[in-house]
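[1] I need the structure of the sequence given here:
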Amino acid sequence: MHMPCLLQLLPILVVSIHTSNHGGRPHYFYHALPYGTQATYNPFNVIINGGYGILQIRQYSNDEDVRRITSYDYRHWLETTWQTVGHPVRTINTFGWRRFITTEVFPLTLNMNRNQWVPNYFLHGIGGGLHFRATEEWFDYHGFSNPRLWSLGTMVIYHGLSEVVENAGRTDATVDHIADLYIFDPLGILLFMNDGVCRFFSQTLNLAEWSMQPCYNVGNGNLENMGQFYVAKYPISRDNSWYLMTHFGLHGMFGFSRHVREGHSVSLTAGFLVEDLIEAEQDDGGSAQKAVLTWRAGAFYDLNNALLASVMVSTKRASQIRINVYPGVVRIGNWSPGFFLSGSKEWVFGINFGYVPIGPALGS
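    Now for the predicted structure:
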């Protein structure tokens with residue numbers, strides 16, 4: 001029996017773990033700002049947004065398999081996922097080693113049938129690495145001993161849940177989970193342990209986490225408005241007022257960001273949204289999926305690289321418009337909630353309570 005790959009990092013981490021308090025190590029991604037995506041960031045938010053992010057895709061949200069996360073057969077899903085992850089050599093033998101290496105590991109083609117490496121590098125490598133370091137900084141700021149070990153535990157739950165939900169009980173041989181758990185998730189963690197790597201991504205590329213505000217729909221039991229997203233900005237003017245920008249997660253949008261006043265920026269982007277996953281046309285046995293793309297555009301307003309509000313529009317039928325307003329914009333006395341509104345013909349509205357990982361939502 002094979003031990004899960006992230007747990008195999010423990011010997012390396014134990015050597016490098018030390019007890020630290022806020023200020024003991026530099027913080028690159030979590031700054032405890034009381035507004036925006038910084039105000040909603042915590043380990044539970046990471047687990048929910050990351051573990052259930054795949055539910056944004058139509059394949060996981062049709063009439064027969066809606067986002068009622070309390071009704072999922074997690075035990076069965078874990079068992080079927082383990083049939084692949086627990087026997088990686090056997091699975092890759094069935095799938096094909098050359099096919100695995102050229103489609104999942106090395107960026108050799110942009111062909112939609114064979115570019116499964118794209119989310120591995122950007123979402124699991126860079127995104128997963130950012131979340132590991134930001135979560136370590138969160139535990140450090142809140143006074144936990146061994147924040148690195150706490151963050152590692154969070155990553156094991158988050159990445160494991162993500163693969164189980166994505167697999168959803170499938171029994172065919174697929175190597176996607178192996179590439180994620182055995183290569184790119186650990187690689188991202190190891191990279192973002194390095195201060196030089198974090199300094200480059202946070203200060204040169206202005207990489208930040210701009211994820212959603214998940215809510216539980218009290219009317220139908222669905223999880224709403226979940227998903228992990230990231231932003232990177234690179235300055236293109238001498239006065240650092242204009243930036244090239246990308247906003248990515250289960251979409252890839254590109255555009256420009258403008259620094260308008262002290263700490264405040266507005267951004268406009270457009271690009272492609274992953275609407276669905278279908279079977280890729282590949283030779284040999286096993287299964288691989290490719291993305292079905294549609295259009296999405298977005299407008300963003302942030303303060304000190306913490307997202308305060310966003311409006312995204314797409315050709316996706318179920319949610320052509322998605323508006324998120326984060327804590328720090330609207331105030332009711334001393335309370336500043338976040339909220340979202342999403343839909344087209346039918347609408348869903350939800351409220352976020354800051355550090356509470358899931359808020360309530362209503363609508364259909």
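[2] and residue 235, bridged to which residues?
    Per DSSP bridges, the residues bridged to residue 235 are residue 243.
[3] any idea where the strands of this structure begin and end?
    Taking DSSP state E as the criterion, the chain carries its strands at 208-209, 215-217, 223-224, 230-235, 242-248, 251-261, 264-279, 289-303, 306-314, 321-325, 338-343, 347-352, 359-363.
[4] Out of those strands, which one sits most buried?
    Sort the strands of the chain by mean neighbour count, taking mean count of other Cβ atoms under 10 Å, and strand 208-209 sits at the top with a mean of 26. In short, each C-beta sits where N, CA and C put it, glycine included.
[5] Which neighbouring elements make contact with that strand?
    Applying 3 or more Cβ pairs under 8 Å, 6 or more residues apart in numbering; DSSP states H and E, one finds that strand 208-209 contacts helix 128-141, strand 230-235.
[6] Sheet partners, orientation included, of it?
    Its sheet considered, strand 208-209 pairs with strand 230-235 (antiparallel) by DSSP bridges.
[7] Quick one: closest of the strands of the chain to residue 54.
    strand 264-279 (8.6 Å; Cβ to Cβ).
[8] re the thing from before, relative to residue 198, which of the helices and strands packed on strand 208-209 is closest?
    Judged by Cβ to Cβ, the one of those that comes nearest to residue 198 is helix 128-141, at 5.7 Å.
[9] Show me what the closest one packs onto, helices and strands only.
    Taking 3+ Cβ pairs under 8 Å, 6+ apart as contact, the helices and strands that helix 128-141 lies on are helix 43-51, helix 147-167, helix 185-191, strand 208-209.
[10] Where does the prediction get shaky in the stretch 51-200 of the chain?
    Judged against pLDDT under 70, the low-scoring parts of the stretch 51-200 of the chain cover residues 61-65.
[11] Indicate which one of the strands of the chain is closest to residue 176.
    With Cβ to Cβ as the criterion, residue 176 lies closest to strand 289-303 of the strands of the chain, at 7.4 Å.
[12] can you give me the angle that closest one makes with strand 230-235?
    60 degrees (axes from the mean of the first three to the mean of the last three Cα atoms, to 10 degrees).
[13] Centroid-nearest residue for the protein?
    For the chain, the residue lying nearest the average C-alpha position, counting by Cα atoms, centre = their mean, turns out to be residue 228 (2.9 Å).
[14] How confident was the prediction at that one?
    As predicted, residue 228 sits at a pLDDT of 97.
[15] wait, isn't it in contact with residue 47?
    No. Applying Cβ atoms under 8 Å as the test, residue 228 and residue 47 come out as separate, 10.6 Å apart.
[16] quick one on the thing from earlier: mean neighbour count, the helices and strands packed on strand 208-209: which tops it?
    helix 128-141 (a mean of 25).
[17] Just the CA trace of it, in PDB.
    In PDB, the C-alpha atoms belonging to helix 128-141 read as follows (Å, rounded to 0.1, in the frame of the first residue of the first chain):
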ATOM      1  CA  GLY A 128      -1.400  25.200  -4.400                       C
ATOM      2  CA  GLY A 129       2.000  26.500  -3.400                       C
ATOM      3  CA  LEU A 130       0.600  30.000  -2.700                       C
ATOM      4  CA  HIS A 131      -2.100  28.400  -0.500                       C
ATOM      5  CA  PHE A 132       0.400  26.400   1.400                       C
ATOM      6  CA  ARG A 133       2.500  29.500   2.200                       C
ATOM      7  CA  ALA A 134      -0.500  31.800   2.900                       C
ATOM      8  CA  THR A 135      -2.000  29.200   5.200                       C
ATOM      9  CA  GLU A 136       1.300  28.800   7.000                       C
ATOM     10  CA  GLU A 137       1.400  32.600   7.400                       C
ATOM     11  CA  TRP A 138      -2.200  32.500   8.700                       C
ATOM     12  CA  PHE A 139      -1.300  30.000  11.400                       C
ATOM     13  CA  ASP A 140       1.800  31.900  12.200                       C
ATOM     14  CA  TYR A 141      -0.100  35.200  12.600                       C
END
